[in-house]
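>>> Just need the structure, nothing else, for what follows:
(chains A and B, ligands or ions: 1)
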Amino acid sequence: MDAYTIEKKDMKILLKRFQEDYKVFGPIKPGLESKFDEIKSIEQLHLDYISTVLPPKKFFHPPKEAMFSYKIEKGRFTSKEIKQNEKILIIGIHPCDVYALLKLDKLFSGDFKDPYYQNRRKNCVIVALNCVKPSEYSFCSSMNTGPFLDKGYDILLTDIGTKYLIELGTKTGEKLIEGLNLKKATKDNYHEKKRRLETSKKKIKKSMDALKISRIAQKNLHHEVWFDLGECGGVAGSLPCLSCGSCTFVCPTCYCYDVYDTVDFSLKSGTRNRELDSCQLLEYGEVAHGGNFRKDRKDRIRHWMLCKFGVAAGGSNSSCVGCGRCIRVCPSKIDITAVAKAIGGG
Amino acid sequence: MKNDYSPHSAIIKDIIVEAHDTNTYVLEFTDKKFQKDFSWCPGQFMMLSLFGIGESAISISKVGDNGSLYSTIRNVGNVTNSIFNLKKGDFIGIRGPYGLGWPVDKLRDKDVLIVAGGMGIAPFRGLINYIKDSRKNFRRLEILYGARTPEDMIFRYDFKDWRKIKNSNLDLTVDEISIGSRSSCKIGLVTSCFPSMKIHHRNAVALICGPEIMMRYAAKCLETIGFKDEQIYLSLERRMKCGIGKCGHCQVGLKYACKDGPVFNYAEIKQFIHPL
Ligand SMILES: Cc1cc2nc3c(=O)[nH]c(=O)nc-3n(C[C@H](O)[C@H](O)[C@H](O)COP(=O)(O)OP(=O)(O)OC[C@H]3O[C@@H](n4cnc5c(N)ncnc54)[C@H](O)[C@@H]3O)c2cc1C
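Presented below is the predicted three-dimensional model:
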């Protein structure tokens, strides 16, 4: 497909076009941290961001959502699916976060489909942004999920100086820029993209041997690392895990959720809801008679790490994309790449 | 798009009291066509749903001739307690059936050992009836069922029929018998019946369902009398919020208990359930 360029100062034209058909979301920076939020004017859009606290997963698998509204009349219930039909466009998603969505796409499909996730995905346009400023915690290059993207986008932007290179991935993307009279991309523009990719890669300090760790992790279920992480010591200068669940909350591929019902004052109607849950919390593994099959902290942190290494039930559909958010937010300074190295998957 | 989280409405046709904390609910779908098309196999479960309260994974213990579903429920908490407040004629939601159930084809021409503890007998009821109905496909059947007291035993009205199954044995064990009770149950753990079983472990398959600690212990004991891990199957109990492999709660190693289980080969999951 054709590619174009747009001057950075002209981005408002692009935004205006997007806003004609979609509610637009993108990175903003209201304080010290960046986050994805609605973009009403071009001044808010902060494409120059490093990483956001929460991944864009929140638009598709939100921290909390209502699934059904229900009514109970004369003991009989009726329920109605709460549909998500809002058309949105997200601009500025980094490759790691796009890869995370591609994984969740698989997780939420299969024999049983998750209509909530799928509807939201179907109604969303992805305008991705190649990552020229990886964070100090990133290791996407070892996970093959960045810093540049080759799939999963409708439109792909790359910062090439005073301009963005605009590449198109789908018909939807193509349609969106139709008639904007953008300049066709030149060989030089592509050359500049390539140069920036190389520079970006060099900025990535952390690494993990994704293949190797997924191969050896299962054979090391009783490795001392898990004891150090869970009970005492810590790994590579970290403190032991506190089971706070921050890692799971900021992880773009963590999908676990809990379901709960709310009841209106009438006691005759209400909603069935779900919210993100965390395998790090003690309650997650409870069974009858006070049993808990992941009672020890070391079992819980091990379970999460194995999941991120791609060797839990989610397989590669919930494995790590190297965004580094968990390392950044961990109050104990646990670094998943250091843990992998300690097990021998460096 | 079809919504797998959406429960189907069913009416409670009958309630059978099994024990002081356990009832069997006979359920019929409001949608008769759905009921007609409902197919299941022993060991599968469904999600019972009460809007305003929540959902619980409950085994299908039997399907009646007219397609009504039998679910036998112990009152342990939030959802189950609310189900106990329901009466004949009340409505409940059902999703499912889910899971893979007992490996019936692996039992063909084998001695079958069933080890059940407490509520763990529920998913076996369908299997025992299945074996009874196609008796020639299976060899010896040993049913070992343990409960806290004789009064806690469920499906007691079935025992007579089970005892009539050719080439079979039903052994009942309890932790205690109250003074004056005329129970024929043995006192002890179900595993205490292992030595007197008349099965040939070389050509047998053992199926276990009960509290996890009991299953681990039973599996260990079976190993010591010559069973290989591959000959042992367990039905795991895990907290389940969706039943369809999306909520993550029931993960066991590389599998979801709801979708890939709840019945697992012991060899497959041994390392993921706590060591003794
Ligand atoms: C495949 C499968 C089949 C089952 N079949 C039956 C059955 O035939 N009959 C029956 O009575 N029960 C069965 N159970 C157990 C049943 O699902 C739980 O007892 C029930 O969900 C408890 O819900 P509650 O809201 O009443 O209790 P809660 O108020 O949620 O909790 C009460 C106690 O039960 C524990 N618990 C909650 N959910 C589960 C769960 N899914 N598994 C184990 N412990 C849990 C809690 O940690 C707590 O200790 C089955 C479970 C599974 C996974």
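
>>> going forward, measure contacts between C-alpha atoms and count neighbours the same way
Noted.

>>> Could you pull out the helices in the stretch 151-300 of chain A for me?
Applying DSSP state H, counting those that start in this stretch to the stretch 151-300 of chain A gives helices spanning A:171-177, A:187-203, A:210-216, A:224-230, A:246-250, A:297-308.

>>> looking at the ones you listed, which is closest to the ligand?
Taking CA to the nearest ligand atom as the criterion, helix A:297-308 is the member of the helices of the stretch 151-300 of chain A that comes nearest to the ligand, at 16.3 Å.

>>> Following the chain onward from the closest one, which element is next?
Using DSSP states H and E, the helix or strand that follows helix A:297-308 in sequence is helix A:325-329.

>>> May I see the buried residues of the helix or strand following that next one?
Towards the C-terminus, the helix or strand next in line after helix A:325-329, according to DSSP H and E, is helix A:336-343. Counting neighbours by 16 or more other CA atoms under 10 Å in any protein chain shown, one finds that the buried residues in helix A:336-343 are A:336, A:337, A:338, A:339, A:340, A:341, A:343.

>>> What of stretch A:121-135?
Of the residues in stretch A:121-135, those with enough neighbours to count as buried (16+ other CA under 10 Å) are A:121, A:124-135.

>>> do stretch A:61-68 as well
A:61, A:62, A:65, A:66, A:67, A:68.

>>> which SS state does the second one fall under?
It stands for residue A:62. When the structure is split into helix, strand and coil by DSSP: H, G, I helix; E, B strand; the rest coil, residue A:62 lands in coil.

>>> Which strand in chain B has the most residues?
Among the elements of chain B assigned as strand by DSSP state E, the one spanning the most residues is strand B:8-19.

>>> Most tightly packed of the helices of the stretch 151-300 of chain A?
Using mean count of other CA atoms under 10 Å in any protein chain shown, the stretch among the helices of the stretch 151-300 of chain A with the largest mean neighbour count is helix A:297-308, at a mean of 23.

>>> other SSEs contacting that one?
Contact partners of helix A:297-308 among helices and strands, from 3 or more CA pairs under 8 Å, 6 or more residues apart in numbering or on different chains; DSSP states H and E: helix A:224-230.

>>> how about the CA coordinates for the helix it packs on, as CSV?
Once non-C-alpha atoms are left out, helix A:224-230 reads as follows in CSV (Å, rounded to 0.1, in the frame of the first residue of the first chain):
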residue,chain,number,x,y,z
GLU,A,224,15.6,-21.3,44.3
VAL,A,225,14.7,-18.1,42.5
TRP,A,226,11.0,-18.6,43.3
PHE,A,227,11.9,-18.9,47.0
ASP,A,228,14.0,-15.8,46.9
LEU,A,229,11.3,-13.9,45.2
GLY,A,230,8.4,-15.1,47.3
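
>>> Quick one: name the residues of chain B near chain A.
Applying CA under 8 Å from any CA of the partner chain, one finds that chain B approaches chain A through B:1-4, B:6, B:9, B:51-54, B:76, B:90-92, B:237-239, B:241, B:244-249, B:251-256, B:273-274.

>>> among the buried residues of stretch A:121-135, which are in reach of chain B?
The subset of these lying close to chain B, counting by CA under 8 Å from any CA, is empty.

>>> about what we covered before: now the angle from the helix or strand following the longest strand of chain B to strand B:8-19?
Past strand B:8-19, further along toward the C-terminus, the next helix or strand under DSSP H and E is strand B:22-29. Strand B:22-29 and strand B:8-19 meet at an angle of 160 degrees, taking axes from the mean of the first three to the mean of the last three CA atoms, to 10 degrees as the criterion.

>>> who does strand B:22-29 pair up with?
strand B:8-19 (antiparallel), strand B:69-74 (antiparallel) (DSSP bridges).

>>> and among these, the most buried is which?
Comparing the strands paired with strand B:22-29 on average neighbours per residue, with mean count of other CA under 10 Å, the densest one is strand B:69-74 at a mean of 24.

>>> Please consider this matter closed, and thank you.
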